[in-house]
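Asks: coordinates for the following, if possible.
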Amino acid sequence: MADRDPRETIADTIEQGKRLVRLGGDKGLSLAERLSERLARLTWRTPLHGLRLAGKQPLKLVAVPDDPVLGDVARGKALTEGRLELYGESVALDALDLAKPRFSPRFADHLHSFAWLRDLSTVATRAQGAPIAERLMQAWLAAHADRVSEPAWAPELLGRRTLFWAAHAPLILSSADLAYRSRVLLALARGARHLDRTADKAPPGVARVAAWCGVTMAGLLIAGGEARQKGGEAGLLRALTAAIYPDGGCAQRAPLAQLEIIALLAMLREGYAARRLDPPPFIGEHLARLVPALLGLTMGDGALASWQGAGPISAEQVQAVIAASGVRTRPLKQARDWGYQRLAAGQTVLVIDAAPPPVARLAQGGCASTLAFELSDGGQRLIVNCGGARQVIAKVPAALAEGLRTTAAHSTLVVGDSNSTAIHTDGTLGKGVSEVELSRQETDQASRIEASHDGYARRFGFRHRRQLVLTADGKELRGEDMLLPVGRRTKGASTAFALRFHLAPQVEISPTSDGLAALLRLPGGGLWQFRCRGAALSVEESLWVDANGRPHPTHQLVVSGSAPAGGASVSWVLKRAR
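Replies: Numbers count the residues shown, from 1 in each chain. So this is what the prediction gives:
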């Protein structure tokens, strides 16, 4: 696969001066939209819809594409040992009952999407993997092939399943049992007909992109699918246009969703390669914007920063997906619409969330992380977010996983022990940050970001303003966090606040006796000094979720104070001592 010329990617210019970031405040789907989706799902279960799925059965696939992304080795080995595993949840294949599932929704999505085929093919030959894949396929066909139901037939999972069945056809279609092969191909054809009618009913974002990728792949690989292919391409273009900002960031504002969209498009492009057809230009154009935006969230170790429920997705996984995309480029420093800003100088990398959280209709499980930042020194992380709400292992209590979404779980300022954006019990985000003002300046001496949000304005009468200045050598980060009064407040009343800096695991802390500073020793030998002014410094326990979803105990620096009606200001500095 030819690499794309970096000059073909979007220009990474820094927009100097002040601007207003897009408004938030979306309230989610309207009542009419929710009723429409509910009605559509009810119609999928009617006999009439079953008749619509009837049609000519394909005798074989026109071509078999490659899967350009390697799977998870540990999960693949577990399959060869008779277990299906995902984030600490494990089910023995002998005990897998699809008629009466006893596993989490996250595990069900993994099972029904057949993403585990990628893991299996990564560690096993066809001779080794085919019996395992066929065994699971037989169980799935018996439980779900003949009856439309959720989640098995949800458009997103059906789209993903189409891609994985196509790419790993040698594992599921090697059997000499003609009746079994016929059932697999019939299930593929029925699924494609279902997707024709339901792809646009998938939630906007990565789910709808996955559904339309499935439609397009089915059109490419099932004989006589030219019309379906063209319709799939049109639907995919609509889905991508709605899901991707002009700067290349996904509207869900989640690095995990960004990674998944890139992988989906890379898989679909292999379908065109298998047919020796040129993919429509918009696929390459979107990849050329998606990749630099994703790289903009990588830290010094090459792994992703932890935003919007994702953990620090490993450098190996990130590089595997980027290699599959065929795009070679540099990290995007300023994603104006996506909302992440990147500062890089010397060995230091900083990423800050400078936009409102994702709108409710686009993200379940979003986080109240506005103006939080992460910081790394070379390959060592120093300041982190707790992260991992969507990826944490199964044994972690649900209440703790939800706590990872709060403002206090991010390296930013918390007012009144409250979230900057409300988090509802149903997983959606409520009122809070609706706008962010942003100013960025670049000089030969330093990079400067100043941003403020209104998340605490209505409840507490303050606007949070954060200023960050990173010197050109990357050895000093100066910060100031201010609470600026807005609107009317009761005179004399004061509000508690806490400025939190979560530290990466294995960072050693040595507080000074004056309670205003601390020495931070990194595992690689780096030494940083933290000093603050305007409030008291303490050290508290924290946790950090790794790339495998496992929480690790760590600590956080907490700068606590009380803001009177006139506001408050805390200045601080992180300086590399060696």
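Asks: drop to CA atoms for contacts and neighbour counts, all remaining ones
Replies: OK.
Asks: and residue 60, how far from residue 188?
Replies: The spacing between residue 60 and residue 188, counted by C-alpha to C-alpha, to the nearest Å, is 11 Å.
Asks: so if I had to pick from these two, which one is more boxed in?
Replies: residue 188 (23 against 13; other C-alpha atoms under 10 Å).
Asks: element containing that one?
Replies: Assigned by DSSP states H and E, residue 188 belongs to helix 178-198.
Asks: any weak-confidence spans in the stretch 51-200 of the chain?
Replies: Scanning the stretch 51-200 of the chain with the threshold set as pLDDT under 70 gives 51-57.
Asks: all strands for it, in order.
Replies: 83-86, 89-92 (DSSP state E, counting those that start in this stretch).
Asks: so what strands line up beside the first one?
Replies: Take DSSP bridges as the rule and strand 83-86 pairs in its sheet with strand 89-92 (antiparallel).
Asks: quick one: buried residues of the strand it pairs with?
Replies: residue 91 (16 or more other C-alpha atoms under 10 Å).
Asks: so what touches it?
Replies: Applying C-alpha atoms under 8 Å, 6 or more residues apart in numbering, the contact partners of strand 89-92 are 82, 83, 84, 85, 107, 393, 394, 395.
Asks: what's across from the third one in the sheet?
Replies: I take that to be residue 84. residue 91.
Asks: isn't it right next to residue 95, touching?
Replies: No: contact criterion C-alpha atoms under 8 Å: residue 84 and residue 95 do not qualify, at 10.4 Å.
Asks: between those two, tell me which one has more neighbours.
Replies: When neighbours are counted by other C-alpha under 10 Å, residue 84 and residue 95 differ, and residue 84 comes out ahead with 21 against 9.
Asks: residues touching the more buried one, list them.
Replies: By C-alpha under 8 Å, 6+ apart, the neighbours of residue 84 are 75, 78, 90, 91, 92, 93.
Asks: and these as TSV, adding distance to residue 252?
Replies: Output for the contacts of residue 84, formatted as TSV (distance: C-alpha to C-alpha, whole Å):
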residue	distance to residue 252
75	27
78	32
90	29
91	31
92	34
93	34
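Asks: ok, of those, which one's closest to residue 527?
Replies: residue 75 (37.4 Å; C-alpha to C-alpha).
Asks: separation between the closest one and residue 273?
Replies: 28 Å.
Asks: give me the sheet partners of the host helix or strand of residue 537 and which way each runs.
Replies: According to DSSP H and E, residue 537 maps onto strand 536-545. Strand pairing for strand 536-545, using DSSP bridges, gives strand 551-563 (antiparallel).
Asks: which SS state does residue 236 fall under?
Replies: Here residue 236 is recorded as helix under DSSP: H, G, I helix; E, B strand; the rest coil.
Asks: indicate which one of the strands of the stretch 51-200 of the chain is closest to residue 383.
Replies: Per C-alpha to C-alpha, nearest to residue 383 of the strands of the stretch 51-200 of the chain: strand 83-86, 28.0 Å.
Asks: buried sites along the closest one?
Replies: 83, 84, 85, 86.
Asks: ok, back up a step: CSV for the strands of the stretch 51-200 of the chain, including distance to residue 254?
Replies: Supplementary listing: the strands of the stretch 51-200 of the chain in CSV, determined by distance: least, C-alpha to C-alpha, whole Å:
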stretch, distance to residue 254
strand 83-86, 20
strand 89-92, 23
